[in-house]
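[1] here you go, sequence then predicted model.
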Amino acid sequence: MYFLADGMLGRFARWLRLLGHDVEYFKQASDAELLEAALKEHRILLTCDLALYRLAIARGADAFHVEGKTEAEKLANIAKRFQITLEVNTKVSRCPICNSSITPTSKDAIRGKIPKSTLRRYKEFWVCKGCGRYYWRGSHWKKIDEVLTKANMILQSQKP
């Protein structure tokens, strides 16, 4: 899916990119600029701002009012609305930082570019086609799994 997130949803945008969705993020755009970009690029405007959400709907844009106190709650809510699968699939994941695609890379290709201990410890690595950042399922992966597990539990509890 193609989304456009307002300045209050930077962290949420990174989560959606990790889940494989194309999310443009504008940290300091005005409401008018956000709305214009969403309409021009046919993206779903994501916002926590109820007034902006209502304006977007009134102008014919596709928009979603993001609600929830935690990332898990927000993810569950958007998953329910758009039938988003709440699991990471590295075949479709995007770079959380720049929104470009990521691709698998070999240890030989990144030798000397990441710490040696990381290279020894992990088997799979990915590189961003846009910004060149490297990714692996390091210790932070446990936190990612925890948030997605909570989001899935919330989502299941919302089903009739």
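    Received it, and whenever you're ready, just let me know what you need. Residues are numbered from 1 along each chain as shown.
[2] so for the top helix by length along the chain, what gets flagged as buried?
    When the chain is parsed with DSSP state H, its longest helix is helix 140-157. By 16 or more other CB atoms under 10 Å, the buried positions in helix 140-157 come out as L148, K150, A151, N152, I154, L155. Where you see a C-beta, it was placed from the backbone N, CA and C, and this is true even at glycine.
[3] again with stretch 106-124
    I110, L119.
[4] mean confidence score for that stretch?
    Average pLDDT, stretch 106-124: 95.
[5] break down the chain into its strands, ranges please.
    2-5, 22-25, 44-47, 63-65, 102-105, 125-128, 134-135 (DSSP state E).
[6] do you know which of those lies nearest I78?
    strand 63-65 (6.4 Å; CB to CB).
[7] I'd like the strands of the chain as JSON lines, with mean neighbour count and distance to Y53 appended.
    As requested, the strands of the chain are exported to JSON lines (neighbours: other CB atoms under 10 Å; distance: least, CB to CB, whole Å):
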{"stretch": "strand 2-5", "mean neighbour count": "23", "distance to Y53": "13"}
{"stretch": "strand 22-25", "mean neighbour count": "20", "distance to Y53": "17"}
{"stretch": "strand 44-47", "mean neighbour count": "24", "distance to Y53": "5"}
{"stretch": "strand 63-65", "mean neighbour count": "19", "distance to Y53": "4"}
{"stretch": "strand 102-105", "mean neighbour count": "16", "distance to Y53": "31"}
{"stretch": "strand 125-128", "mean neighbour count": "20", "distance to Y53": "31"}
{"stretch": "strand 134-135", "mean neighbour count": "18", "distance to Y53": "32"}
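[8] L55 is nearest to which of the ones you listed?
    In terms of CB to CB, the element of the strands of the chain nearest to L55 is strand 63-65, at 8.6 Å.
[9] if we can go back for a sec, dump the strands of the chain to JSON lines, plus distance to N77.
    Shown next, in JSON lines, are the strands of the chain (distance: least, CB to CB, whole Å):
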{"stretch": "strand 2-5", "distance to N77": "14"}
{"stretch": "strand 22-25", "distance to N77": "16"}
{"stretch": "strand 44-47", "distance to N77": "11"}
{"stretch": "strand 63-65", "distance to N77": "8"}
{"stretch": "strand 102-105", "distance to N77": "26"}
{"stretch": "strand 125-128", "distance to N77": "28"}
{"stretch": "strand 134-135", "distance to N77": "26"}
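[10] closest one to L35 among those?
    strand 44-47 (6.9 Å).
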